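Trainee: sequence first, then the predicted structure, then my questions.
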Amino acid sequence: YGRTEIFTKPGADKLHGQIMVNFNRSALNSRNPFVSEQPAYHSERFSGDLGGALSKKASFFVSAERRNITDSSIVSAYVLDANLNPTPFTQAVPNPRTRTEFSPRFDYQINPNNTLTVRYQFDEEDERSNGIGLFSLPSQGFDMVETEHTIQVSDTQILGAKTVNETRFRYQRENTDRIVQSFDPTLRVLSAFTGGGNNDGTSIYHHNHYELQNYTSIATGKHLVKFGGRLQVMDDLNNSKSDFNGTFTFGSLDAYRITELGLRQGWTPAQIRAAGGGASQFVIAAGSPRTGVTVADLGIYAEDDWRLRSNMSLSMGLRYETQNEINDHADFAPRVGFAWGLGSTQGGPPKTVLRAGFGVFYD
């Protein structure tokens, strides 16, 4: 089989675009069975794109989307009232979320054999009062913001009738910020409620990814020769305080009620446990919440697809990989493949193809 790559000429498109809007309302859906008074909610989604020519050699395309979700999380739990009597607790807590996407692209024809493409992509997700619902009380809420920026640049050059060179660069940055609404210890009462602060804690994650690729393909006679390489650097920073606030677990609501009663009356911990109260488990984490690592790797390769006959081909290649986090830097990976077509008639395509191959791969 052959391979055909088509690079469209920038600047030839006419202006075109589209826009879309859709929405949803609580009145259009069934009621939530866990609440007596149905909370109102709604969502909207707006999206559109626009593209066309900037000049005879340049064109653009831009797309955008925005989604607003105004929803509620329903709490349905059992808690203690002011007199330490078990009582049902129901509440609808607003849980708004927004999602934003924006992506422009620019194509420019430097000359008839060289095309440059630049693309940027932005994604953001903003969520408020997550982690609430069913047994999880409002104090369990946390806010989270995730953002991602991606820049891609590619340059394709046709160097004569037999050679194509491609250079690609990408930079990606991801940020995730998670902020809890309460730093109090977590109270987990089995089959009743989970209160206090969220034990996942505040966390911050930053990721940077740089990648540079260059590939060259040469078609000469019965050979298709390819060679090139890739260099990438990844930088990660993580700051997580999961379980730093501590978690008390009670086996039942009655054990929690006895504990609260004993604390009010000044009982000792031994007296509380003797009466059937006290937490069955306490977990807390300590230490340094921050860690970071930078990993870089390089891979270069060369291969030759050799058409021995009309129904027979041989592929041979060699790859070399190295990186900074493992002492072994001699990762050579030879690869060979063979294909033989059987059952062809009058020069047509073969009815059966036998393939065999061997390779060394590093992970």
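Mentor: In hand now; what should we look at?

Trainee: for the chain, which helix is longest?
Mentor: Assignment by DSSP state H gives helix 253-265 as the longest helix of the chain.

Trainee: tally of neighbours for Leu263?
Mentor: Around Leu263 there are 12 other residues, counting by other Cβ atoms under 10 Å. C-betas here are computed from N, CA, C, even on glycine.

Trainee: also Ser72?
Mentor: Ser72 is flanked by 21 other residues according to other Cβ under 10 Å.

Trainee: helices of the chain, residue ranges please.
Mentor: Under DSSP H, the chain gives helices at 253-265, 269-274.

Trainee: got the contact list for the longest one?
Mentor: This means helix 253-265. Applying Cβ atoms under 8 Å, 6 or more residues apart in numbering, the contact partners of helix 253-265 are 78, 80, 84, 86, 187, 189, 191-193, 250, 271-272, 275-280.

Trainee: same deal with stretch 354-363?
Mentor: 315, 321, 331-340, 342.

Trainee: just the buried members of those residues?
Mentor: Glu321, Asp331, Arg335, Gly337, Ala339, Trp340 (16 or more other Cβ atoms under 10 Å).

Trainee: in terms of secondary structure, what does the lengthiest strand in the chain contact?
Mentor: Looking across the chain with DSSP state E, the single longest strand is strand 86-111. Contacts defined by 3 or more Cβ pairs under 8 Å, 6 or more residues apart in numbering; DSSP states H and E place strand 86-111 against strand 58-80, strand 114-130.

Trainee: so how far is that strand from its chain's centroid?
Mentor: Its chain's C-alpha centre and that of strand 86-111 lie 13 Å apart, by Cα atoms, centre = their mean, to the nearest Å.

Trainee: out of the helices and strands packed on strand 86-111, which comes closest to Glu174?
Mentor: Nearest to Glu174 among those is strand 114-130 (9.2 Å), distances taken as Cβ to Cβ.

Trainee: could you give me the buried positions within stretch 63-81?
Mentor: Neighbour-count burial for stretch 63-81 flags 63-65, 67, 69-77, 79-80 (criterion: 16+ other Cβ under 10 Å).

Trainee: out of these, who's nearest Val164?
Mentor: Nearest to Val164 among the buried residues of stretch 63-81: Ser63, at 28.3 Å, using Cβ to Cβ.

Trainee: quick check: bridge partners of the closest one?
Mentor: In this structure, Ser63 bridges to Asp49, Ser103 when assessed by DSSP bridges.

Trainee: mind giving me the ChimeraX command for buried ones among the contacts of helix 253-265?
Mentor: To isolate the buried ones among those in ChimeraX, judged by 16+ other Cβ under 10 Å, type:
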select :80,187,189,192,193,250,272,277,278,279
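
Trainee: and the nearest residue in space to Gly278 that is not next to it in sequence, what does it touch?
Mentor: Distance criterion Cβ to Cβ, 6 or more residues apart in numbering; nearest residue to Gly278, sequence neighbours excluded, is Ile272 at 5.2 Å. Going by Cβ under 8 Å, 6+ apart, Ile272 touches Ile258, Thr259, Gly262, Leu263, Gly278.

Trainee: in TSV: the residues you listed, plus pLDDT and distance to Phe183.
Mentor: Converted to TSV, the contacts of Ile272 look like this (pLDDT from 0 to 100; distance: Cβ to Cβ, whole Å):
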residue	pLDDT	distance to Phe183
Ile258	96	26
Thr259	96	21
Gly262	95	25
Leu263	95	21
Gly278	95	23
